[in-house]
Structures are given as structure tokens and as C-alpha cells.
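Asks: After the sequence you'll find the predicted model.
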Amino acid sequence: MLLGGTFIHWRAWNISPLGEIPRGITPRANVEQPVHVMQGMNDFGRIGYDGPCPPKGHGVHYYHFKVYILDRKLNLNPGASREELEKAIKGHVIQCGSLWGSTRENKGHG
């Protein structure tokens, strides 16, 4: 269990240019439909996206989404690690953006 640190819910690269990422992307390393994307291992130990699930009793849970625009496609093996991805993007970031959000555990109230 990681407390107070960064937990990766989704690691993805070489996403086709688009206005928004569609729902339901298959949890495979190399996906062609509904959009091309390469996916790496998340901190749940799986390939693909796993959504928010704040730990019981955690209170407010914060999320930080980061997106990078690169000057080239990445030549990474499917299922690449965080360290491999960070090394591959070094020196190739044209622009980046981030979004912060928060949620708390669902206690069954309306």
C-alpha cells in the first residue's frame, strides 16, 4: 500500500491525436480501436486504466492527471514501466498540461 505518494492509475503513450479519450479502451498493451494507444503497467500491477477507489477511511483522495505532447512517437515495449516511460520522454516534451481532482470514498449516501 502506498500512502502519501504517487499511485499510477494509467500509463499510456502514442495516443492518436483526438479531442478526448473514449471510454472502454481494452486493457491490452497495444490497442488499435477505438483509438490507437500503447499502455503500460499501472500500480495495480495490470496493463490499462483502473479508476479511482479511495482506501476505506482515507477521506479526501486527490488525483493529478498529466498529459504530455511529444515531438515524436515513443519506441517502448508494451507494458513499459514508469522509469522507462520517463526516460523515453526526456528531452522530447513540447508541451504539457495537468488537471487536479478530488473524491472521497463512497459511503452509500445519495
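Replies: Here it is on my side, so go on. The structure displayed is predicted, hence computed values, not measured ones. Numbers count the residues shown, from 1 in each chain.
Asks: rest of the way, CA atoms for contacts and neighbours
Replies: Noted.
Asks: neighbours around C53, how many?
Replies: Using other Cα atoms under 10 Å, C53 has 11 neighbouring residues.
Asks: SS state for it?
Replies: Taking DSSP: H, G, I helix; E, B strand; the rest coil as the rule, one finds C53 in the coil state.
Asks: which residues touch V31?
Replies: Applying Cα atoms under 8 Å, 6 or more residues apart in numbering to V31 gives the contacts I25, V37, M38, Q39.
Asks: What is the nearest of these to H64?
Replies: Q39 (18.1 Å; Cα to Cα).
Asks: With adjacent residues omitted, what lies nearest to D71?
Replies: Excluding the flanking residues, the one nearest D71 by Cα to Cα, 6 or more residues apart in numbering is H92, at 5.5 Å.
Asks: Quick one: neighbours of that neighbour, just the number.
Replies: So H92, with other Cα under 10 Å, has 14 neighbours.
Asks: swap in M38?
Replies: 25.
Asks: Determine the three-state secondary structure at it.
Replies: Here M38 takes the strand state, with states given by three-state DSSP.
Asks: wait, is E86 part of a strand?
Replies: No. Using three-state DSSP, the assignment for E86 is helix, not a strand.
Asks: so how far is V35 from it?
Replies: 23 Å (Cα to Cα, to the nearest Å).
Asks: These two - which one has more neighbours?
Replies: V35 (14 against 9).
Asks: In which helix or strand does the closest residue to that one other than its chain neighbours reside?
Replies: Counting by Cα to Cα, 6+ apart, S16 is the residue found nearest to V35 once chain neighbours are left out, at 6.3 Å. Secondary structure from DSSP states H and E places S16 outside every helix and strand.
Asks: confidence score at S16?
Replies: For S16, the pLDDT comes out at 85.
Asks: In the chain, what residue spans correspond to strands?
Replies: Remark: strands assigned in the chain by DSSP state E are 12-13, 30-31, 37-39, 60-70, 93-104.
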